[in-house]
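Asks: Predicted model follows, preceded by the sequence.
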Amino acid sequence: MKRIHDVQEMQQTMLGLKRQGKLIAFVPTMGFLHEGHASLMREGRKRGDILVLSIFVNPTQFGPNEDLDRYPRNLEGDCALAEACGVDYLFAPTAASMYPPGFQTTVSLGPLTEPLCGASRPGHFNGVAVVVTKLFGIVQPDLALFGKKDFQQLAIIRQMTIDLNLPVEIIGMPIVREQDGLAMSSRNSYLSPEERQQALCLYRAILRVRELFTAGETDAVRLLAEASQQIEAIPTAVVDYLELRDSVTLEVLTQAMQGTLLAMAVKIGTTRLIDNTVLGEQL
């Protein structure tokens, strides 16, 4: 595995591989890798001639009071996992090289960014869109893999790729969970042992809604009330959002159906966790 930190070196290396006819699979991350990321890398290894992983904690997608400075980092551990998963090139640029003096370009996004995390984190998805567009230009991938835990992000990147005619196939990969059901996330490292147990309320809410839906319940108010009960059973849990939405348009639904998205963001202590499930799909 080769590590590259320089933007121009990375771009020229990738363009050279493209001229050789190599198919490039790309997994963009912010590092502090876990099994969820590993599942993306292993799938990318199957699909591409060349597998590229990027590690970049992107400052433009963090708000003023968010956790940019304390976001967990472990480059050496990440490199070991990447190499074990068969990564050919690890791209780890600096913020200064990605956003040099005079950088001023933005990507304007539409209605997909407005609800859910977009309402709670203004400007977040604009930052995501800029960095993903830049990374696609640098890495020149034929396909890019993203986890479905960040469901709204995946939907936005799919739409952006279509709208801007970017020649990249976007592949969404299933959520990877701990044995007890907690969705894997780099931010789980913030949780104390007690908070780690409390965080299971998100998974219990998902299981309850799926159980009721399978039994024939489709009324959104009743389904969400049952989900809320699971979360409110934890006194320290604070709901940011808990909603049933169309999994393509992200519009609010009053009746659940096959393919409906249950999406949630919940604060456990000071840690904001997100999770989701698509009703009718395998968990």
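Replies: Thanks, I have the structure now. Here the structure is a predicted model, which means the values were calculated and not measured.
Asks: can you give me phi and psi for Gln179?
Replies: Backbone dihedrals for Gln179, given as degrees, to the nearest 10, come out at phi -60, psi -30.
Asks: Now for it, how many residues are close by?
Replies: Neighbour count of Gln179, defined by other CB atoms under 10 Å: 5. In short, each C-beta sits where N, CA and C put it, glycine included.
Asks: separation between it and Leu200?
Replies: For Gln179, the distance to Leu200 under the criterion CB to CB, to the nearest Å works out to 11 Å.
Asks: So for Asn65, what's the pLDDT?
Replies: In the predicted model, Asn65 carries a pLDDT score of 89.
Asks: make that Gln61, sorry
Replies: Listed pLDDT for Gln61 reads 97.
Asks: pretty sure it contacts Val132?
Replies: No. Using CB atoms under 8 Å as the test, Gln61 is too far from Val132 to be in contact (9.8 Å).
Asks: Which of these two has more residues huddled nearby?
Replies: More crowded of Gln61 and Val132, by other CB under 10 Å: Val132, with 26 against 21.
Asks: Validate this expectation: the more buried one resides in a helix.
Replies: Yes. Read with DSSP: H, G, I helix; E, B strand; the rest coil, Val132 is one of the residues of a helix.
Asks: ok, for it, nearest residue in space, not its chain neighbours?
Replies: Using CB to CB, 6 or more residues apart in numbering and skipping residues adjacent in sequence, the residue nearest Val132 is Ile157, 5.8 Å away.
Asks: Kindly state the pLDDT recorded for the one you found?
Replies: Note for Ile157: predicted pLDDT of 98.
Asks: Show me what the helix or strand harbouring it is in contact with.
Replies: Assessed by DSSP states H and E, Ile157 sits inside helix 151-163. When contacts are taken as CB atoms under 8 Å, 6 or more residues apart in numbering, the neighbours of helix 151-163 outside the stretch itself are 107, 109-110, 112-113, 115-118, 125, 128-129, 132-133, 144, 146-148, 166, 168, 170, 172, 247-248, 250, 261, 263, 276.
Asks: Which SSE is immediately downstream of it?
Replies: For helix 151-163, the following helix or strand on the C-terminal side (DSSP H and E) is strand 169-173.
Asks: Identify each of the strands in the chain and give its residue range.
Replies: Counting by DSSP state E, residue ranges of the strands within the chain are 2-4, 24-29, 50-55, 89-91, 143-147, 169-173, 237-246, 260-268, 271-278.
Asks: what ranges of the stretch 101-250 of the chain fall below the confidence cut-off?
Replies: Residues of the stretch 101-250 of the chain meeting the criterion pLDDT under 70: none.
Asks: Quick check: closest non-adjacent residue to the spatially most central residue of the chain.
Replies: Against the mean C-alpha coordinate of the chain, by CA atoms, centre = their mean, the closest residue is Asp150 at 3.5 Å. When the adjacent residues along the chain are set aside, Asp150 lies closest to Ile274, with 7.2 Å between them (CB to CB, 6+ apart).
Asks: For Thr94, give me the pLDDT.
Replies: As predicted, Thr94 sits at a pLDDT of 97.
Asks: separation between the closest residue to it other than its chain neighbours and Asp275?
Replies: Once its chain neighbours are removed from consideration, Thr94 has its nearest residue in His5; the separation is 6.8 Å (CB to CB, 6+ apart). Taking CB to CB as the measure, His5 falls 33 Å from Asp275.
Asks: Give me the more crowded residue out of those two.
Replies: Asp275 (22 against 12).
Asks: The more buried one reaches Gly181, doesn't it?
Replies: No. With contacts defined as CB under 8 Å, Asp275 does not count as touching Gly181, sitting 9.3 Å away.
Asks: Now list whatever residues contact both of the two.
Replies: Taking CB under 8 Å, 6+ apart as the contact criterion, the common neighbours of Asp275 and Gly181 are 203, 206.
Asks: residue contacts, Glu178?
Replies: By CB under 8 Å, 6+ apart, the contact list for Glu178 reads Met184.
Asks: try 6 Å this time
Replies: Applying CB atoms under 6 Å, 6 or more residues apart in numbering, we find Glu178 in contact with no residue.
Asks: again with the one 4 residues further on
Replies: Leu182 makes contacts with 199-200, as judged by CB under 6 Å, 6+ apart.
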